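Undergrad: for reference, the sequence and a predicted model appear below.
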Amino acid sequence: MKKLNILLLAFVAVMMSSCYSHRVIGYLQEPTKQNRLPQYDSVAYEPYRIRVNDEIIYRLVTMDETMTKMLGTNTSVSSQYANSYRVYADGTIDLPFLKPIKVQGLTEVEAQDTIRAAFREIIPDADVKVVLYNKYFSVIGDARASQYYIYKEKMNIFQALAMTGDVMNSGDRRHIRIIRPRDNGEEPEILEFDIRTNSIIDSKYYYIYPNDVIYVARTPNSFYTVPSYSGFIGLITSSVALLTTVLNYVAYIYR
């Protein structure tokens, strides 16, 4: 009986250490000596800059009737024209009626100003709106894997993961990775961070950019971990009942 009690206590201790706790999966925790969470430095936000192979959508608005006819729109005196154009390897895009325009390295606002200025050389009242067409990020691993649209400027990692339904409990929050492409054919940048610390806010890991891939690995011990203490109690109860049945059966055989 004494050996049985020791065995049960050891089993309970192991299972208790296998539960998902706030320390394991909680966000915005204060770094302490106990949890040993990293402390990240704050950095200023940098807007996304257009890269080779990005796609640009522009919308041209003008009252010029000649331009309206050339664009093939209706007979209205106002013209709105939208299409997407890929950024070539030399960093330029080809737009109708214009010479190639260099947009690589520009923000959306800077590209919009540049394209508007080019159009106004031939259409004095031209107004232009420019947006990035491929404004997506991807998620793989222990979250709802898919591709998602970046619906706002300065989208952060928590908003991005909320679109997936959050990281699964089995996901390794200590080693979240963002694979971020670089320009000019360079190797992509891999950012690895612990998302549980509150110092993630305004750090270099905080904001999501177009073409980012968020990878959530699975924790090595996830197979042995129960999702909650209620599940733990149920597992303990059923395990103890099974163990008691086996021991009673063994005792009956050797009686």
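TA: Yep, it's here. Bear in mind that the values here come from a model prediction, so they are computed numbers and not experimental data.
Undergrad: tell me where this structure has helices.
TA: Counting by DSSP state H, the chain forms helices over residues 2-16, 22-25, 65-70, 108-120, 157-162, 229-253, given from the N-terminal end onward.
Undergrad: which of the ones you listed has the lowest average pLDDT?
TA: Lowest mean pLDDT within the helices of the chain: helix 2-16, at a mean of 50.
Undergrad: which stretches of the stretch 1-150 of the chain form strands?
TA: Chain-ordered strands for the stretch 1-150 of the chain, with DSSP state E, counting those that start in this stretch as the definition, fall at 55-62, 79-86, 92-93, 101-102, 127-132, 136-141, 146-149.
Undergrad: which one of those lies closest to Pro38?
TA: Nearest of these to Pro38, taken as Cβ to Cβ: strand 136-141 at 20.4 Å. For glycine as for every other residue, the C-beta is placed from the backbone atoms N, C-alpha and C.
Undergrad: what pairs with that closest one, and is each one parallel or antiparallel?
TA: Strand 136-141 has the following sheet partners, assigned by DSSP bridges: strand 146-149 (antiparallel), strand 213-216 (parallel).
Undergrad: for Ile201, give me its contacts.
TA: 28, 42, 156 (Cβ atoms under 8 Å, 6 or more residues apart in numbering).
Undergrad: the last one is in contact with Tyr206, isn't it?
TA: Meaning Asn156. Yes. Contact status for Asn156 versus Tyr206: in contact at 5.2 Å, counting by Cβ atoms under 8 Å.
Undergrad: export the strands paired with strand 136-141 to a markdown table and tack on distance to Asp94?
TA: A markdown table is the format used below for the strands paired with strand 136-141 (distance: least, Cβ to Cβ, whole Å):
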| stretch | distance to Asp94 |
| --- | --- |
| strand 146-149 | 26 |
| strand 213-216 | 29 |
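Undergrad: single out the most deeply packed of those strands.
TA: Taking mean count of other Cβ atoms under 10 Å as the contact definition, the stretch among the strands paired with strand 136-141 with the greatest mean neighbour count is strand 213-216, which reaches a mean of 20.
Undergrad: Provide the contact partners of that strand at residue level.
TA: So strand 213-216 is in contact with 137-143, 157, 160-161, 167-168, 171-172, 176-180, 208, going by Cβ under 8 Å, 6+ apart.
Undergrad: under the pLDDT cut-off, which ranges of the protein? List them.
TA: Within the chain, the segments meeting pLDDT under 70 span 1-20, 68, 71-82, 221-244, 246-252, 254-255.
Undergrad: ok, back up a step: more neighbours: Asn156 and Tyr206, which one.
TA: Between Asn156 and Tyr206, counting by other Cβ atoms under 10 Å, Tyr206 is the more crowded of the two (20 against 17).
Undergrad: burial check on Gln112, number of neighbours?
TA: The number of residues packed around Gln112, counting by other Cβ under 10 Å, is 20.
Undergrad: check contacts around the nearest residue to it once chain neighbours are set aside.
TA: Taking Cβ to Cβ, 6 or more residues apart in numbering as the measure, Gln112 lies nearest to Val130, with 3.8 Å between them; neighbours along the chain are not counted. Taking Cβ under 8 Å, 6+ apart as the criterion, Val130 is in contact with 56-59, 108, 111-112, 115.
Undergrad: from those, which single one is nearest Tyr149?
TA: Each of the contacts of Val130 was checked against Tyr149 using Cβ to Cβ; the closest is Ile57, at 13.5 Å.
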